[in-house]
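Peer 1: Below are the sequence and a predicted model for it; my questions follow.
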Amino acid sequence: LSALLNHLYVLIPVMDDAKHYWVGEAEIDKLLSKGEGWLENHPAKDLIVRRYLRNRGTLARIALERLAPETAGEALPPEVRVAPEEALEVPIRLNDLRMDAVVQAIRATGGTTIADLGCGEGKLLFRLVRERWVHKLFGLDPAVRELEWAAKRLKLNEFGGPPEGRVTLLHGSLTYRDSRWAEADVAVLVEVIEHLDEDRLPLVERIVFGETAPKSVIVTTPNTDYNALFANLAPGAFRHPDHRFEWSRAQFDAWAAKIGETYGYAAAISGIGAEDPVLGAPTQMAVFTR
């Protein structure tokens with residue numbers, strides 16, 4: 001009976017294609033709670049999520065990302081749970097591990113002015129703005145709505161928010177040179193390149209590494225070798241419906257080497273998340289320095 005009621009809670013507003021009150025981020029948690037155990041594998045998952053959230057693209061994308069096997073349904077092994085507090089039972093989500101690793105990598109470069117390219121709703125910016133060693137932040141994204149969510153998350157121009165000028169959000173694209181973030185000494189692309197058409201990647205490479213050429217560039221992307229360990233992911237499928245490609249470790253290594261040879265950067269590659277002895281870690285990261 002409980003399972004039936006959970007289905008009805010989600011599907012009645014979906015079939016009605018309307019919710020008669022304002023839909024905010026809290027609705028994502030309600031949806032995932034009521035959909036636990038069935039929604040992540042439902043063949044109409046995307047449609048259900050979009051309609052439940054009244055076709056609000058940003059909310060739907062966040063919900064689908066949390067339902068995706070990369071960040072939601074798959075519990076990470078015990079060795080990557082919160083340490084050393086063994087009493088904490090809930091495993092760390094891969095997204096949290098990724099953010100931790102990226103922040104540490106940025107700090108290790110010594111850079112203090114950071115450009116988050118493809119910043120989305122500002123998760124990384126929110127982490128960085130609390131760091132005293134960060135002098136200035138830029139967030140670039142092509143989606144206006146995402147930037148609005150980032151501004152809200154960061155409390156820009158609000159009491160208690162960062163000082164004026166410390167965080168600048170920019171509406172723009174990686175496929176165009178943009179002098180507004182050129183002063184950054186570190187550029188970061190967190191789970192961004194796989195959302196680009198692969199034939200557009202050389203243009204982005206030239207703009208980021210060749211023309212703007214910050215001292216350091218940090219790139220993370222899924223390791224497709226690891227996909228075999230996601231029980232809910234069909235063979236050959238991508239982790240997110242918007243991914244245009246996903247690279248193996250060998251492909252990522254080759255790409256990083258090409259960037260280094262072409263633009264004069266040295267690349268250090270590492271994995272993020274629990275590492276399988278054969279298939280590697282779920283996320284791969286390259287730190288480019290010149």
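Peer 2: Ah, there it is.
Peer 1: could you pull out the helices for the stretch 1-150 of the chain?
Peer 2: Using DSSP state H, counting those that start in this stretch, the helices of the stretch 1-150 of the chain run over 2-16, 26-34, 45-52, 57-67, 94-109, 123-128, 144-154.
Peer 1: Name the residues of the fifth one that are buried.
Peer 2: Neighbour counts over helix 94-109 (16 or more other C-beta atoms under 10 Å) mark 94, 95, 97, 98, 99, 101, 102, 103, 105, 106, 109 as buried. Heads up, the C-betas are built off the backbone N, CA and C, glycines and all.
Peer 1: Between those residues, which sits nearest residue 194?
Peer 2: residue 98 (13.3 Å; C-beta to C-beta).
Peer 1: Which of the helices and strands in the protein ranks last by mean pLDDT?
Peer 2: When the helices and strands of the chain are scored by mean pLDDT, DSSP states H and E, helix 2-16 comes last with a mean of 64.
Peer 1: need the strands for this structure, in chain order.
Peer 2: For the chain, applying DSSP state E gives strands covering 113-117, 136-141, 167-171, 186-190, 216-222, 266-272, 283-289.
Peer 1: Could you dump the ones you listed into TSV with distance to residue 38, mean pLDDT and mean neighbour count added?
Peer 2: As requested, the strands of the chain are exported to TSV (distance: least, C-beta to C-beta, whole Å; pLDDT from 0 to 100; neighbours: other C-beta atoms under 10 Å):
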stretch	distance to residue 38	mean pLDDT	mean neighbour count
strand 113-117	35	98	26
strand 136-141	33	97	23
strand 167-171	37	96	18
strand 186-190	30	98	25
strand 216-222	25	98	24
strand 266-272	30	97	15
strand 283-289	27	98	23
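Peer 1: Reformat those as JSON lines; add distance to residue 53.
Peer 2: Converted to JSON lines, the strands of the chain look like this (distance: least, C-beta to C-beta, whole Å):
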{"stretch": "strand 113-117", "distance to residue 53": "25"}
{"stretch": "strand 136-141", "distance to residue 53": "20"}
{"stretch": "strand 167-171", "distance to residue 53": "23"}
{"stretch": "strand 186-190", "distance to residue 53": "24"}
{"stretch": "strand 216-222", "distance to residue 53": "25"}
{"stretch": "strand 266-272", "distance to residue 53": "29"}
{"stretch": "strand 283-289", "distance to residue 53": "27"}
